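Participant: Next input, structure requested:
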Amino acid sequence: MHVWDKFINRISILRYTVFHQHIAISSNIPAIGSIEVLHNKIPVNSLYISTIYIVNDTNRDLSNIEFNLCCDSDSIILISHGNNNSSGKNIYFTDKYSKISSDSNPEVARQTLLFRDYIVPVMNRGDTIEFSLLIVNELRNYPLISVACDHIGVKIKFQKAPRQKLFGESTSLSALIGIIITIIICYFFIYYNFSLNLGVWLSFMLGLFASLIGLVIIKIFKKLRRLFT
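Facilitator: Below you'll find the predicted structure:
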């Protein structure tokens, strides 16, 4: 019961990916000529659109979860927008950030260009949250974006690319569990002196479908877990 309780109440990990798209860049090269980029009639150096995807592939439905988006000091967030791709609903700033962003103090206004705080009312399992940011980088480099979350029982991690999935489950996890089950079954084949030919063929078939075996185990475990939580 102690081990089961530890597993049930373990920290849920949300993973996010970031994609950058270069829109335009200002330059003044004699051979080409002068290229000027404007945003709301104000000259800017280099424009990027950064898109953040946060996926809830845990077994928990989350509510009132706050995400803190931040860029590097050489970048400025001009515009940002968030929405829940699963429900189609927009996501809005936290009350605290809305209050800070409306402050007339120039220094405070400058700080709000480096980060955004959003509150997500509902993030069910399987939901994907998307944030789009229009960013200026003074050094003409791709902006550095990070996401933080202080929600109880939740940890957020960056991953370079979305995880591959097999019928909605992690491919690597399914393969790992399938391989472990296959090794255990093969051990019993050896221990109980099964026919060599039969053992070889069964081991081959189990290894061939190890990912599917792991997938079935994960699906069964998740159904059992939902019955007890």
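Participant: Tell me the secondary structure at Ser174.
Facilitator: helix (DSSP: H, G, I helix; E, B strand; the rest coil).
Participant: same check, this time on Asp57
Facilitator: Reducing the assignment at Asp57 to three states with three-state DSSP gives coil.
Participant: what separates it from Thr128, distance-wise?
Facilitator: 9 Å (CB to CB, to the nearest Å). All C-beta atoms are positioned from the backbone trio N, CA, C, and that covers glycine.
Participant: so where's this structure uncertain?
Facilitator: Of all residues in the chain, those with pLDDT under 70 make up the ranges 1-9, 29, 32, 161-170, 190-201, 203-204, 207-208, 225-229.
Participant: so what strands line up beside the top strand by length along it?
Facilitator: If you go by DSSP state E, the chain has its longest strand at strand 12-25. Sheet partners assigned to strand 12-25 using DSSP bridges are listed as strand 46-55 (antiparallel), strand 154-158 (parallel).
Participant: now for those strands, which one comes closest to Gly178?
Facilitator: With respect to Gly178, and counting by CB to CB, the nearest of the strands paired with strand 12-25 is strand 46-55 at 22.8 Å.
Participant: Strand partners (parallel or antiparallel) of the helix or strand just after that closest one?
Facilitator: Counting by DSSP states H and E, the next helix or strand C-terminal to strand 46-55 is strand 62-71. Strand partners for strand 62-71, identified by DSSP bridges, are recorded as strand 115-123 (antiparallel), strand 145-148 (antiparallel).
Participant: Output stretch 38-49 as PDB, nothing but the C-alphas.
Facilitator: Backbone C-alpha positions of stretch 38-49 (Å, rounded to 0.1, in the frame of the first residue of the first chain) are rendered in PDB as follows:
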ATOM      1  CA  LEU A  38       8.300  47.900 -38.800                       C
ATOM      2  CA  HIS A  39       6.000  46.700 -36.100                       C
ATOM      3  CA  ASN A  40       3.100  49.200 -35.600                       C
ATOM      4  CA  LYS A  41       5.200  51.700 -37.500                       C
ATOM      5  CA  ILE A  42       8.100  51.300 -35.100                       C
ATOM      6  CA  PRO A  43      11.400  50.000 -36.600                       C
ATOM      7  CA  VAL A  44      12.500  46.600 -35.200                       C
ATOM      8  CA  ASN A  45      15.700  44.600 -35.800                       C
ATOM      9  CA  SER A  46      14.600  41.000 -36.200                       C
ATOM     10  CA  LEU A  47      11.100  39.400 -35.800                       C
ATOM     11  CA  TYR A  48      10.400  35.800 -34.800                       C
ATOM     12  CA  ILE A  49       7.200  33.800 -34.000                       C
END
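Participant: Okay then, goodbye and thanks.
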